[in-house]
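>>> Got a predicted model here, sequence first, then my questions.
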Amino acid sequence: MYVLHCRWYKAAQQAMLAQLTETQREQMTRFQSKATGWFTVAAGAALLAAGDTWHVVQQYGWPVWLFWLLVAVMLAVAVIPTAIHTIGDYTRQLAAAESARARGDSLTPPSPRSGALDEINE
């Protein structure tokens, strides 16, 4: 299943990139590089926070379960606001699409290669 998903994703990405201009492809590459870099920074910061939390738990002689509870709380505090923001953005986009459909507007012009992803899904 994983191999099939990877193949589908790679084909979908190639079809998407084929639709972009050279400038847009460069912008996409720069964005992906920056996102990867910031993800690495965030992962390092999370490991540092976990290490410091472990030292505090050891210093005060607290039980190990408290360490895991603190790690879970830190992750929740980091992830929940982002999830709420993302869900809100998605909900607003759905509402805009529905209102555009109700008015009969088209959000995107039809693409001459619109069938490219249909071939991948089959």
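All right, it came through fine. Residues are numbered from 1 along each chain as shown.
>>> quick one: buried residues of stretch 44-55?
residue 53 (16 or more other C-beta atoms under 10 Å). (Glycine included, C-beta is placed from N, CA and C.)
>>> Around residue 57, how many other residues sit close by?
19 (other C-beta atoms under 10 Å).
>>> Quick check: nearest residue in space to it, chain neighbours excluded?
residue 67 (4.4 Å; C-beta to C-beta, 6 or more residues apart in numbering).
>>> And the one you found, which helix or strand is it part of?
Following DSSP states H and E, the helix or strand that holds residue 67 is helix 64-103.
>>> what does residue 39 give?
Here residue 39 is assigned to helix 22-60, by DSSP H and E.
>>> Low-confidence ranges, the protein, go.
105-122 (pLDDT under 70).
>>> so the helix holding residue 39 versus helix 64-103, what angle?
Angle between the axes of helix 22-60 and helix 64-103 is 150 degrees (criterion: axes from the mean of the first three to the mean of the last three C-alpha atoms, to 10 degrees).
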